[in-house]
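1. A structural model of the following input is requested.
(2 chains)
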2 protein chains.
Amino acid sequence: MTSAILLVIDGLGDLPTPKTPLQAAKTKHLDTLAKQGSTGLLATIAPGVVPGSDTSHLQLFGYDPEKFYFGRGPLEALGIGMNLKEGDVAFRANFGTVKNGSIIDRRAGRIATADAHKLEASLNMRIDDVQVLFKSSVEHRGVLILRGPGLSAKVSDTDPHKIGPLMQCKALERNPRTTKTARIVNKFTKLAQEKLKKNPVNKGRKLPANIVLLRGAGTYHKVPSLKERLSIRGACIAGGALYKGVAKFVGMDVLHVQGATGTGSTNLKAKAKAAVKASKKYDFVFVHVKACDSFSHDGNFKGKTKMLEKIDKELLSTLEKSNAYLIVTGDHSTPCIRKAHSGHEIPILIHGKNERQDNVKKFDEISCMQGGLGHLHGKDVMPIILNLIRKAKMYGS
Amino acid sequence: MTSAILLVIDGLGDLPTPKTPLQAAKTKHLDTLAKQGSTGLLATIAPGVVPGSDTSHLQLFGYDPEKFYFGRGPLEALGIGMNLKEGDVAFRANFGTVKNGSIIDRRAGRIATADAHKLEASLNMRIDDVQVLFKSSVEHRGVLILRGPGLSAKVSDTDPHKIGPLMQCKALERNPRTTKTARIVNKFTKLAQEKLKKNPVNKGRKLPANIVLLRGAGTYHKVPSLKERLSIRGACIAGGALYKGVAKFVGMDVLHVQGATGTGSTNLKAKAKAAVKASKKYDFVFVHVKACDSFSHDGNFKGKTKMLEKIDKELLSTLEKSNAYLIVTGDHSTPCIRKAHSGHEIPILIHGKNERQDNVKKFDEISCMQGGLGHLHGKDVMPIILNLIRKAKMYGS
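-> Here you go, the predicted model:
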């Protein structure tokens, strides 16, 4: 065994009501892996700290977010296939609907992906010495990049995050870079409104996509790759843009898997097959499944439970047959009763030939409290994986 | 549930002889809370490190003592209701008895509080450009503040900490600030002796309060409050000056509770009532009970055990009925057989609706070794509390 598959079940951890989804779900394969392997609980950042999806994945890949996190925008940009240059400022973007100076829908009626694509071209423009690049992704979502000298990501969102008055972009620090960036963003917002108003796609739409709302500004900085830092080759199998983006950011190959959508109907069998295949070629395969987190955000206990059963049946039944070390965990807890990320620890299991075996026989939040791995931090995960696959460099001699 | 009560039982942890006081005590309520919640062991600073009462409380409140601890004096000053200005140097003070150049009693025969108060006024004076402020608190205890330009807390104690020759204050670093401070302290000590000798309070006293002994110099620096740093409002319910002082230092409201004395006869029922009431208004309520630590310092196993039973019966029976998350722990271990603080971990329990439940059924040092929280550090406590009460800010997005 010389490779490892890290399965991250997004929003995996939960709270008991009175059972947790993992306790309620029938997960034969996960339980077998727990029985044959070692388990524990994981605090991705630190106990109690509520991780974002971006910082938690960076940490799982061994990239301390204190050093390597520069905001969400660039990661999203990479995730939807945009190329970034050092110093680019990127934002997550939404098509929204504005009427009489107020945002009346943050998603422009969840505009169809194909329609949104048609709006894209008109939003690429030049403002002063700044190149503005826009790319739409799924439905109302997209990414905006500002490329030019003297920019900063320390500016406020124009997305009000709820229905309400249109917001101006403001400098969050007072210096020429932030002032310039805010000015460019506000000018873009105005120009974009003019362009979108005229676009035929919006003709007859009840909720026209007549504004671009921006949030999550971040500056792109190239960081040393997994290969450069840890001498490993990594591959990513994911549906969601962010997860592909973080993977690309740290230098993984993002593999295309037909039907991997990042939703509840994602093709788990195809992902499993692709992961097993990749584990023969790569040292490290990151497999991401998003839907449990989405169900949690909706407070849908049953949906999360069923999704866990589907992951067990369609993904783990195949992964468990691979010849790779298997690490199963989450990026953070998203308790259904909270409908939001929380700082509670997440179960983790490690499985592989001739690895240690603890007494835990079920993979859930409560059983794993007694696990032989104890309480791990996110920063421990990559060293543990390197150790498993014999790629760890000795510290000292 | 949107608030948390943190009960700190001072000196809680102990060693088995052959039982620990927590094992020997009948603590129905604590055991029920342990059964219904999660438990673990806590190293306030780090495993094996022996915490002071000041640093441990700072750390429990999320204030890293490496950054926020400037000595004990200022915390004691705040605790007895003195106002501090940036740069003030404060000392803990004792009235003692000196005879022929030797300290023959460090407590001036445990002078009565009322008598000590009568000595206070004569000790407020001006020495060169330094204002000297003295306030007595309970019995022989008090605090001295030096206020003026160019002072430093890097000076030695004049309190010999045992019977013996009178000591001079010395600069612990060689620079004009330390030299000046030591000179002012020595001048004060001399002037204070002259004033006290003449004071009618000392007439006929077998052990006259004829000297002020100083220790624990610290410089006051204003630090950002809990509200500023974590957006939470905190309240403190304590008897002992230090604990009130640390609470005030980090911006908590110190609530007055009739009969909260910091001794074995403290009014626990009143503290419990006040805590439950405060938990409806504040995000975070810190409740401190001192006496277990005092019994430990006296090596009084039975006294500590009985006090634990009293805490269980009079405090926890009420706290467990509140609608707040409940966290019970200590600031450090004070094993009765050592009569001193030690670096052994302390039991901790977390209890609240829909929180995870482990298999531990008793709240004591040995049972909590198997707890689902594992081994926590003091720095984890405040993030965990913020997560419980949904006041944690997401790290990343």
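2. tell me how far A:K85 lies from chain B.
-> According to CB to the nearest CB, to the nearest Å, A:K85 and chain B sit 23 Å apart. All C-beta atoms are positioned from the backbone trio N, CA, C, and that covers glycine.
3. how about A:C292?
-> Applying CB to the nearest CB to A:C292 and chain B gives a distance of 18 Å.
4. residues in contact with whichever residue of the stretch 151-300 of chain A sits closest to chain B?
-> Residue nearest to chain B within the stretch 151-300 of chain A: A:G216 (5.8 Å; CB to the nearest CB). Residues near A:G216 by CB atoms under 8 Å, 6 or more residues apart in numbering or on different chains: A:G71, A:R72, A:G73, A:E76, A:F91, A:R92, A:D157, B:S397.
5. any idea what the nearest residue to the first one once chain neighbours are set aside is bridged to?
-> So the one you mean is A:G71. Leaving aside its chain neighbours, A:G71 sits nearest to A:G218 (2.0 Å; criterion: CB to CB, 6 or more residues apart in numbering or on different chains). Under DSSP bridges, the beta-bridge partners of A:G218 are A:A90.
6. which pLDDT value goes with A:G218?
-> Here, the pLDDT recorded for A:G218 equals 98.
7. roughly how far apart are it and B:A24?
-> 57 Å (CB to CB, to the nearest Å).
8. what's next to stretch A:175-184, contact-wise?
-> A:89, A:127-128, A:130, A:132, A:146, A:148, A:150-156, A:168-172, A:217.
9. from the residues you listed, which would you call buried?
-> A:89, A:127, A:130, A:132, A:146, A:148, A:151-156, A:169, A:171, A:217 (16 or more other CB atoms under 10 Å in any protein chain shown).
10. those residues of chain A touching chain B, which are they?
-> A:15-17, A:41, A:45-56, A:65, A:69, A:72, A:216, A:335, A:337-338, A:341-344, A:365-366, A:369-370, A:374-375 (CB under 8 Å from any CB of the partner chain).
11. circling back: tell me which helix or strand the residue of the stretch 151-300 of chain A closest to chain B sits in.
-> Element membership for A:G216 (DSSP states H and E) is strand A:211-219.
12. distance between that strand and the chain's centre?
-> 17 Å (CA atoms, centre = their mean, to the nearest Å).
13. ok but A:Q23 is inside a strand, no?
-> No: A:Q23: not assigned to a strand; according to DSSP: H, G, I helix; E, B strand; the rest coil it is helix.
14. for it, which residues are in contact?
-> A:P16, A:K362, A:D364, A:E365, A:I366 are the contacts of A:Q23 under CB under 8 Å, 6+ apart.
15. now do it, the pLDDT please.
-> pLDDT, A:Q23: 98.
16. who does the helix or strand encompassing A:L41 pair up with?
-> In the assignment (DSSP H and E), A:L41 maps to strand A:38-43. Here strand A:38-43 is paired, per DSSP bridges, with strand A:346-351 (antiparallel), strand A:374-377 (parallel).
17. pairing partners for the helix or strand bottoming out on mean pLDDT in chain A, with directions?
-> Lowest by mean pLDDT, DSSP states H and E among the helices and strands of chain A is strand A:164-165, with a mean of 92. With DSSP bridges as the test, strand A:164-165 is paired with strand A:102-105 (antiparallel).
18. which residues outside the very next helix or strand once past the strand it pairs with are in contact with it?
-> Next along the chain after strand A:102-105, taking DSSP H and E as the criterion, comes helix A:113-120. The contact list for helix A:113-120 (CB under 8 Å, 6+ apart) reads A:95, A:134-142, A:196, A:199, A:201, A:209.
19. can I get helix A:113-120 as PDB, trimmed to CA atoms?
-> This file holds the C-alpha atoms of helix A:113-120, laid out as PDB (Å, rounded to 0.1, in the frame of the first residue of the first chain):
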ATOM      1  CA  THR A 113     -26.800  28.100 -16.200                       C
ATOM      2  CA  ALA A 114     -27.100  28.400 -19.900                       C
ATOM      3  CA  ASP A 115     -28.700  31.800 -19.700                       C
ATOM      4  CA  ALA A 116     -26.100  33.100 -17.200                       C
ATOM      5  CA  HIS A 117     -23.400  32.000 -19.600                       C
ATOM      6  CA  LYS A 118     -24.900  34.300 -22.300                       C
ATOM      7  CA  LEU A 119     -24.400  37.300 -19.900                       C
ATOM      8  CA  GLU A 120     -20.800  36.500 -19.300                       C
END
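20. one step back: which among the residues of chain A next to chain B count as buried?
-> Buried among the residues of chain A next to chain B by 16+ other CB under 10 Å: A:15-16, A:41, A:45-56, A:65, A:69, A:72, A:216, A:335, A:338, A:341-344, A:365-366, A:369-370, A:374-375.
21. beta partners of the closest residue to A:G148 other than its chain neighbours?
-> In this structure, A:G148 finds its nearest non-sequential neighbour in A:V130, 3.5 Å apart by CB to CB, 6+ apart. Beta bridges link A:V130 to A:I127 when assigned by DSSP bridges.
22. isn't A:V130 right next to A:R147, touching?
-> Yes: under the criterion of CB atoms under 8 Å, A:V130 is in contact with A:R147, at a separation of 6.7 Å.
23. for A:L123, give me its contacts.
-> A:V132, A:F134, A:L144, A:A192, A:K195, A:L196, A:V212.
24. again, but for A:I45
-> A:P51, A:T55, A:S56, A:Q59, A:P65, A:H377, A:G378, B:Y395.
25. circling back: can you put the contacts of A:G216 in CSV and add distance to B:R229, secondary structure and pLDDT?
-> Shown next, in CSV, are the contacts of A:G216 (distance: CB to CB, whole Å; DSSP: H, G, I helix; E, B strand; the rest coil; pLDDT from 0 to 100):
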residue, distance to B:R229, secondary structure, pLDDT
A:G71, 22, coil, 97
A:R72, 24, helix, 98
A:G73, 27, helix, 98
A:E76, 30, helix, 98
A:F91, 28, strand, 98
A:R92, 28, strand, 98
A:D157, 23, coil, 97
B:S397, 20, coil, 93
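26. in the stretch 201-350 of chain A, what residue comes closest to chain B?
-> Closest point on the stretch 201-350 of chain A to chain B, by CB to the nearest CB, is A:G343, at 3.5 Å.
27. my guess is that residue meets B:I385, correct?
-> No: here A:G343 does not reach B:I385: they are 10.1 Å apart, not a contact under CB under 8 Å.
28. mind listing the shared neighbours of those two?
-> Joint contacts of A:G343 and B:I385 (CB under 8 Å, 6+ apart) are A:G48.
29. dump the residue contacts of the residue nearest to A:R205 when sequence neighbours are not counted.
-> In space, and not counting its chain neighbours, A:R205 is closest to A:G109: 7.0 Å by CB to CB, 6+ apart. With contact set as CB under 8 Å, 6+ apart, A:G109 has these partners: A:T97, A:R205, A:K206, A:L207.
30. highest neighbour count among these?
-> Across the contacts of A:G109, neighbour numbers were computed from other CB atoms under 10 Å in any protein chain shown; A:T97 holds the maximum, 24 neighbours.
31. what about A:I327, which SS state?
-> strand.
32. hey, what's it bridged with?
-> Residues in beta-bridge contact with A:I327 (DSSP bridges): A:L6, A:I350.
33. correct me if wrong: it contacts A:I346.
-> No: under the criterion of CB under 8 Å, A:I327 makes no contact with A:I346, lying 11.9 Å away.
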